[in-house]
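Engineer: Kindly generate the corresponding structure for this input.
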Amino acid sequence: MSAAADPPLARTPLHDLHVERGAKMVPFAGYEMPVQYPTGVLAEHLHTRAHAGLFDVSHMGQVRIGSNDRAVALEGIVPGDIRGLAPGRQRYTMFTNETGGILDDIMVANVGDHLFVVVNAACKEADVAHMMATLTPRCTVEALPDRALLALQGPAAARVMEHLAPGASRLGFMAAHGLRIRDKPCLVSRSGYTGEDGFEIALAANDAAVVAHALLAEPEVALIGLGARDSLRLEAGLCLYGHDIDPTTTPVEADLAWTISRRRREEGGFPGARIVQQQLRAGVARRRVGIRPADR
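Structural biologist: From the prediction side, this is the model:
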(Lines give C-alpha, C1' and ligand atoms only; values in the text may rest on other atoms or scores of the structure.)
Protein backbone atom coordinates (compact mmCIF):
# COMPACT_ATOMS: atom_id res chain seq x y z
CA MET A 1 0.00 0.00 0.00
CA SER A 2 1.58 3.31 -1.05
CA ALA A 3 2.05 6.16 1.39
CA ALA A 4 -0.37 9.07 1.20
CA ALA A 5 0.87 11.93 -0.93
CA ASP A 6 1.77 15.16 0.80
CA PRO A 7 -0.92 17.85 0.46
CA PRO A 8 -0.20 20.40 -2.26
CA LEU A 9 1.59 23.54 -1.14
CA ALA A 10 -0.50 26.67 -0.74
CA ARG A 11 0.43 29.83 -2.61
CA THR A 12 0.31 33.45 -1.51
CA PRO A 13 -1.51 36.07 -3.62
CA LEU A 14 1.91 37.25 -4.89
CA HIS A 15 3.07 33.84 -6.16
CA ASP A 16 3.03 34.91 -9.83
CA LEU A 17 5.06 38.02 -9.02
CA HIS A 18 7.75 35.95 -7.28
CA VAL A 19 8.03 33.58 -10.25
CA GLU A 20 8.09 36.50 -12.69
CA ARG A 21 10.99 38.07 -10.75
CA GLY A 22 13.01 34.83 -10.85
CA ALA A 23 12.57 33.73 -7.25
CA LYS A 24 13.77 30.34 -6.08
CA MET A 25 10.60 28.85 -4.57
CA VAL A 26 10.79 26.42 -1.64
CA PRO A 27 8.33 24.71 0.74
CA PHE A 28 7.87 26.65 3.98
CA ALA A 29 5.11 26.15 6.58
CA GLY A 30 2.88 24.52 3.98
CA TYR A 31 3.40 27.26 1.40
CA GLU A 32 5.49 27.67 -1.72
CA MET A 33 7.61 30.67 -0.75
CA PRO A 34 10.48 32.67 -2.28
CA VAL A 35 13.77 31.96 -0.50
CA GLN A 36 15.82 34.30 -2.70
CA TYR A 37 15.87 36.22 -5.97
CA PRO A 38 18.64 36.24 -8.61
CA THR A 39 20.71 38.86 -6.74
CA GLY A 40 21.19 36.41 -3.83
CA VAL A 41 20.65 36.44 -0.08
CA LEU A 42 23.62 38.66 0.84
CA ALA A 43 22.67 41.36 -1.66
CA GLU A 44 19.06 41.27 -0.42
CA HIS A 45 20.22 41.51 3.20
CA LEU A 46 22.42 44.53 2.46
CA HIS A 47 19.74 46.21 0.32
CA THR A 48 17.30 46.05 3.23
CA ARG A 49 19.86 47.53 5.60
CA ALA A 50 20.67 50.36 3.17
CA HIS A 51 17.38 51.05 1.37
CA ALA A 52 14.04 49.18 1.64
CA GLY A 53 13.09 45.54 1.23
CA LEU A 54 9.62 44.23 0.44
CA PHE A 55 8.75 40.89 2.05
CA ASP A 56 5.73 38.75 1.23
CA VAL A 57 4.59 37.35 4.58
CA SER A 58 1.07 36.47 3.47
CA HIS A 59 1.55 32.94 4.81
CA MET A 60 1.10 34.33 8.32
CA GLY A 61 -2.29 33.92 9.94
CA GLN A 62 -4.65 36.86 10.51
CA VAL A 63 -7.49 36.70 13.03
CA ARG A 64 -10.20 39.12 14.20
CA ILE A 65 -11.41 38.93 17.83
CA GLY A 66 -14.64 40.74 18.70
CA SER A 67 -16.92 41.46 21.71
CA ASN A 68 -16.85 44.00 24.51
CA ASP A 69 -14.96 41.49 26.67
CA ARG A 70 -12.21 40.80 24.13
CA ALA A 71 -9.25 42.37 25.96
CA VAL A 72 -10.01 40.68 29.28
CA ALA A 73 -10.65 37.37 27.55
CA LEU A 74 -7.41 37.44 25.56
CA GLU A 75 -5.43 38.25 28.71
CA GLY A 76 -6.58 34.86 29.99
CA ILE A 77 -4.32 33.11 27.46
CA VAL A 78 -1.41 35.56 26.99
CA PRO A 79 0.93 37.29 29.49
CA GLY A 80 0.79 40.62 27.63
CA ASP A 81 -1.14 43.69 28.79
CA ILE A 82 -4.10 43.74 26.40
CA ARG A 83 -6.47 45.77 28.59
CA GLY A 84 -3.94 48.61 28.52
CA LEU A 85 -3.57 48.50 24.73
CA ALA A 86 -4.95 51.79 23.44
CA PRO A 87 -6.84 52.05 20.14
CA GLY A 88 -4.41 52.34 17.25
CA ARG A 89 -1.65 50.53 19.14
CA GLN A 90 -0.07 47.09 18.67
CA ARG A 91 1.72 44.78 21.12
CA TYR A 92 3.97 41.73 20.89
CA THR A 93 2.99 38.85 23.18
CA MET A 94 2.63 35.06 23.12
CA PHE A 95 0.30 32.17 23.88
CA THR A 96 1.60 30.13 26.84
CA ASN A 97 0.85 26.63 28.10
CA GLU A 98 0.37 25.39 31.67
CA THR A 99 4.13 25.12 32.23
CA GLY A 100 4.75 28.63 30.90
CA GLY A 101 6.05 27.34 27.56
CA ILE A 102 5.45 29.41 24.43
CA LEU A 103 2.84 27.98 22.05
CA ASP A 104 3.39 30.84 19.59
CA ASP A 105 4.49 34.46 19.58
CA ILE A 106 1.92 36.87 18.15
CA MET A 107 1.15 40.50 17.39
CA VAL A 108 -2.07 42.04 18.74
CA ALA A 109 -3.45 45.36 17.51
CA ASN A 110 -6.37 47.29 18.97
CA VAL A 111 -8.15 48.64 15.89
CA GLY A 112 -11.14 50.05 17.76
CA ASP A 113 -14.06 47.68 17.43
CA HIS A 114 -11.96 44.48 17.47
CA LEU A 115 -8.52 43.06 18.14
CA PHE A 116 -6.46 42.12 15.11
CA VAL A 117 -4.05 39.23 15.73
CA VAL A 118 -1.20 38.00 13.51
CA VAL A 119 0.13 34.50 14.22
CA ASN A 120 2.93 32.41 12.75
CA ALA A 121 2.23 30.41 9.60
CA ALA A 122 3.25 27.02 10.98
CA CYS A 123 1.03 27.51 14.06
CA LYS A 124 -2.01 29.24 12.63
CA GLU A 125 -4.40 26.27 12.52
CA ALA A 126 -3.48 25.32 16.10
CA ASP A 127 -3.65 28.96 17.21
CA VAL A 128 -7.12 29.50 15.76
CA ALA A 129 -8.32 26.27 17.38
CA HIS A 130 -6.78 27.41 20.68
CA MET A 131 -8.53 30.78 20.50
CA MET A 132 -11.82 29.18 19.53
CA ALA A 133 -11.59 26.77 22.47
CA THR A 134 -10.58 29.37 25.06
CA LEU A 135 -12.23 32.63 23.98
CA THR A 136 -15.66 31.56 22.72
CA PRO A 137 -18.47 32.12 23.58
CA ARG A 138 -17.18 35.27 25.34
CA CYS A 139 -15.70 36.48 22.04
CA THR A 140 -16.06 35.97 18.33
CA VAL A 141 -12.93 34.51 16.73
CA GLU A 142 -12.77 34.92 12.95
CA ALA A 143 -9.88 33.59 10.89
CA LEU A 144 -9.19 35.77 7.83
CA PRO A 145 -7.83 33.48 5.11
CA ASP A 146 -8.48 35.82 2.17
CA ARG A 147 -5.90 38.34 3.32
CA ALA A 148 -2.33 39.22 2.41
CA LEU A 149 0.47 40.64 4.53
CA LEU A 150 3.41 42.63 3.19
CA ALA A 151 6.38 44.01 5.13
CA LEU A 152 8.38 47.01 3.95
CA GLN A 153 11.60 47.25 5.93
CA GLY A 154 14.64 49.50 5.85
CA PRO A 155 15.77 53.12 6.33
CA ALA A 156 13.90 54.25 3.18
CA ALA A 157 10.62 52.59 4.20
CA ALA A 158 9.09 55.71 5.79
CA ARG A 159 9.89 57.86 2.76
CA VAL A 160 8.37 55.30 0.40
CA MET A 161 5.25 54.84 2.51
CA GLU A 162 4.71 58.58 2.89
CA HIS A 163 4.80 58.96 -0.88
CA LEU A 164 2.16 56.26 -1.40
CA ALA A 165 0.10 56.68 1.79
CA PRO A 166 0.35 60.24 3.14
CA GLY A 167 0.45 60.19 6.93
CA ALA A 168 2.25 56.86 7.20
CA SER A 169 5.53 58.45 8.26
CA ARG A 170 3.80 60.04 11.25
CA LEU A 171 2.89 56.65 12.71
CA GLY A 172 4.91 55.93 15.84
CA PHE A 173 6.58 52.61 16.53
CA MET A 174 3.95 49.89 17.08
CA ALA A 175 1.11 52.13 15.95
CA ALA A 176 -1.53 50.56 13.68
CA HIS A 177 -3.97 52.55 11.54
CA GLY A 178 -6.07 52.20 8.43
CA LEU A 179 -4.52 53.86 5.35
CA ARG A 180 -4.98 53.56 1.61
CA ILE A 181 -2.33 52.65 -0.97
CA ARG A 182 -3.39 53.03 -4.61
CA ASP A 183 -6.89 53.46 -3.19
CA LYS A 184 -6.74 49.99 -1.58
CA PRO A 185 -7.69 49.90 2.13
CA CYS A 186 -4.82 48.62 4.29
CA LEU A 187 -4.18 48.19 7.99
CA VAL A 188 -0.66 49.57 8.36
CA SER A 189 1.47 49.07 11.47
CA ARG A 190 4.92 50.52 12.12
CA SER A 191 6.65 47.28 12.96
CA GLY A 192 8.60 44.43 11.40
CA TYR A 193 11.04 41.61 11.83
CA THR A 194 14.41 42.90 10.62
CA GLY A 195 15.64 45.33 13.25
CA GLU A 196 15.05 48.18 10.78
CA ASP A 197 12.38 50.83 10.75
CA GLY A 198 9.48 49.59 8.69
CA PHE A 199 5.83 48.81 8.18
CA GLU A 200 3.58 45.78 7.94
CA ILE A 201 0.62 46.10 5.58
CA ALA A 202 -2.44 43.85 5.99
CA LEU A 203 -4.90 43.96 3.11
CA ALA A 204 -7.32 41.93 1.02
CA ALA A 205 -5.66 39.19 -1.03
CA ASN A 206 -7.14 40.60 -4.24
CA ASP A 207 -5.43 43.95 -3.61
CA ALA A 208 -1.97 42.57 -2.82
CA ALA A 209 -0.55 42.65 -6.35
CA VAL A 210 -1.60 46.27 -6.95
CA VAL A 211 0.00 47.43 -3.69
CA ALA A 212 3.14 45.32 -4.18
CA HIS A 213 3.69 46.70 -7.70
CA ALA A 214 3.19 50.25 -6.40
CA LEU A 215 5.84 49.69 -3.74
CA LEU A 216 8.24 48.04 -6.18
CA ALA A 217 7.88 50.99 -8.57
CA GLU A 218 9.72 53.09 -5.98
CA PRO A 219 13.48 53.06 -6.77
CA GLU A 220 14.48 52.24 -3.17
CA VAL A 221 12.41 49.03 -2.97
CA ALA A 222 13.43 45.47 -3.91
CA LEU A 223 11.78 42.11 -3.26
CA ILE A 224 13.44 40.13 -0.45
CA GLY A 225 13.11 36.38 0.20
CA LEU A 226 13.03 34.12 3.24
CA GLY A 227 16.80 33.66 3.25
CA ALA A 228 17.55 37.31 3.95
CA ARG A 229 14.53 37.53 6.24
CA ASP A 230 16.21 34.92 8.42
CA SER A 231 19.68 36.49 8.28
CA LEU A 232 18.26 39.92 9.09
CA ARG A 233 16.30 38.72 12.11
CA LEU A 234 19.33 36.75 13.33
CA GLU A 235 21.53 39.82 13.04
CA ALA A 236 18.95 41.82 14.98
CA GLY A 237 18.61 39.14 17.69
CA LEU A 238 14.92 38.46 17.04
CA CYS A 239 13.26 35.13 17.85
CA LEU A 240 11.89 32.70 15.28
CA TYR A 241 9.22 30.37 16.60
CA GLY A 242 10.27 26.73 16.36
CA HIS A 243 13.97 27.67 16.38
CA ASP A 244 14.67 29.95 19.34
CA ILE A 245 11.38 29.54 21.21
CA ASP A 246 8.94 26.63 21.53
CA PRO A 247 6.56 24.98 24.05
CA THR A 248 9.52 23.98 26.27
CA THR A 249 10.77 27.60 26.53
CA THR A 250 9.20 30.17 28.86
CA PRO A 251 9.21 33.92 28.17
CA VAL A 252 11.84 34.37 30.88
CA GLU A 253 14.10 31.69 29.43
CA ALA A 254 13.61 33.24 25.99
CA ASP A 255 14.77 36.65 27.31
CA LEU A 256 11.29 38.00 26.52
CA ALA A 257 10.33 39.01 30.06
CA TRP A 258 10.22 42.62 28.82
CA THR A 259 6.90 41.75 27.12
CA ILE A 260 5.21 41.18 30.51
CA SER A 261 4.07 44.39 32.22
CA ARG A 262 4.26 44.96 35.96
CA ARG A 263 0.52 44.43 36.34
CA ARG A 264 0.59 41.08 34.54
CA ARG A 265 3.65 39.98 36.54
CA GLU A 266 1.82 40.73 39.76
CA GLU A 267 -1.67 39.53 38.80
CA GLY A 268 -0.79 36.51 36.68
CA GLY A 269 -3.97 35.01 35.30
CA PHE A 270 -2.45 33.42 32.19
CA PRO A 271 -1.43 29.78 31.59
CA GLY A 272 1.81 28.94 33.40
CA ALA A 273 1.74 32.22 35.34
CA ARG A 274 2.93 30.65 38.59
CA ILE A 275 6.03 29.20 36.93
CA VAL A 276 6.78 32.42 35.04
CA GLN A 277 6.35 34.50 38.22
CA GLN A 278 8.74 32.20 40.09
CA GLN A 279 11.31 32.51 37.31
CA LEU A 280 10.99 36.30 37.35
CA ARG A 281 11.73 36.28 41.09
CA ALA A 282 14.42 33.61 41.29
CA GLY A 283 15.95 33.53 37.82
CA VAL A 284 16.38 30.63 35.41
CA ALA A 285 19.00 27.97 34.78
CA ARG A 286 19.08 28.69 31.04
CA ARG A 287 18.47 31.76 28.91
CA ARG A 288 18.50 32.55 25.18
CA VAL A 289 21.63 34.48 24.23
CA GLY A 290 23.10 35.79 21.01
CA ILE A 291 26.37 34.48 19.59
CA ARG A 292 28.51 36.79 17.51
CA PRO A 293 30.69 34.83 15.04
CA ALA A 294 34.37 35.79 14.87
CA ASP A 295 34.57 35.19 11.11
CA ARG A 296 32.53 33.82 8.20
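Engineer: can we go C-alpha only for contacts and neighbour counts from here?
Structural biologist: Fine.
Engineer: Quick one: mean pLDDT for the strand or helix carrying Val26?
Structural biologist: Element membership for Val26, per DSSP states H and E: strand 24-28. Confidence for strand 24-28, expressed as mean pLDDT, is 97.
Engineer: Please point out which parts of it sit buried.
Structural biologist: Going by neighbour count (16 or more other CA atoms under 10 Å), the buried part of strand 24-28 is 24-25, 28.
Engineer: residues in contact with that strand?
Structural biologist: Defining contact as CA atoms under 8 Å, 6 or more residues apart in numbering, one finds that strand 24-28 is touched by 9, 19, 32-37.
Engineer: Can you select the buried ones among the residues you listed for me in PyMOL?
Structural biologist: This is the PyMOL syntax for the buried subset of the contacts of strand 24-28, where burial follows 16+ other CA under 10 Å:
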select buried, resi 32+33+34+35+36+37
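Engineer: Counting only helices, which of the contacts of strand 24-28 make the cut?
Structural biologist: Val19 (DSSP state H).
Engineer: ok, the contacts of strand 24-28 vs Asp81, which is closest?
Structural biologist: Met33 (33.5 Å; CA to CA).
Engineer: which one of the contacts of strand 24-28 is nearest Gln90?
Structural biologist: Met33 (26.6 Å).
Engineer: In contact with that closest one, which residues?
Structural biologist: Counting by CA under 8 Å, 6+ apart, the residues that Met33 touches are 11-12, 15, 25-27, 225-226.
Engineer: what sits opposite it in the beta ladder?
Structural biologist: Beta bridges link Met33 to Val26, judged by DSSP bridges.
Engineer: Please tell me how far it sits from Pro13.
Structural biologist: 11 Å (CA to CA, to the nearest Å).
Engineer: ok, back up a step: just how off-centre is the strand holding Val26 within its chain?
Structural biologist: What separates the centre of strand 24-28 from the centre of its chain is 19 Å, taken as CA atoms, centre = their mean, to the nearest Å.
Engineer: what do you get for stretch 83-91?
Structural biologist: With CA atoms, centre = their mean, you get 16 Å for stretch 83-91.
Engineer: Can you point out the buried residues in it?
Structural biologist: Buried residues in stretch 83-91 (16+ other CA under 10 Å): 85, 87-91.
Engineer: go on, stretch 60-73?
Structural biologist: Within stretch 60-73, judged by 16+ other CA under 10 Å, the buried ones are 60-66, 70-71, 73.
Engineer: one step back: will you turn the buried residues of stretch 83-91 into a markdown table that also has distance to Asp197, pLDDT and secondary structure?
Structural biologist: Shown next, in a markdown table, are the buried residues of stretch 83-91 (distance: CA to CA, whole Å; pLDDT from 0 to 100; DSSP: H, G, I helix; E, B strand; the rest coil):
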| residue | distance to Asp197 | pLDDT | secondary structure |
| --- | --- | --- | --- |
| Leu85 | 21 | 98 | coil |
| Pro87 | 21 | 98 | coil |
| Gly88 | 18 | 98 | coil |
| Arg89 | 16 | 98 | strand |
| Gln90 | 15 | 98 | strand |
| Arg91 | 16 | 98 | strand |
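Engineer: Now compare those and name the two farthest from each other.
Structural biologist: Pro87 and Arg91 (11.3 Å).
Engineer: about what we covered before: what would the contacts of Met33 look like in CSV with distance to Ser189?
Structural biologist: Converted to CSV, the contacts of Met33 look like this (distance: CA to CA, whole Å):
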residue, distance to Ser189
Arg11, 24
Thr12, 20
His15, 23
Met25, 27
Val26, 28
Pro27, 27
Gly225, 21
Leu226, 21
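Engineer: Among these, find me the one that's closest to Ala202.
Structural biologist: Nearest to Ala202 among those, with distances taken as CA to CA, is Thr12, at 13.1 Å.
Engineer: Good, we can wrap up now.
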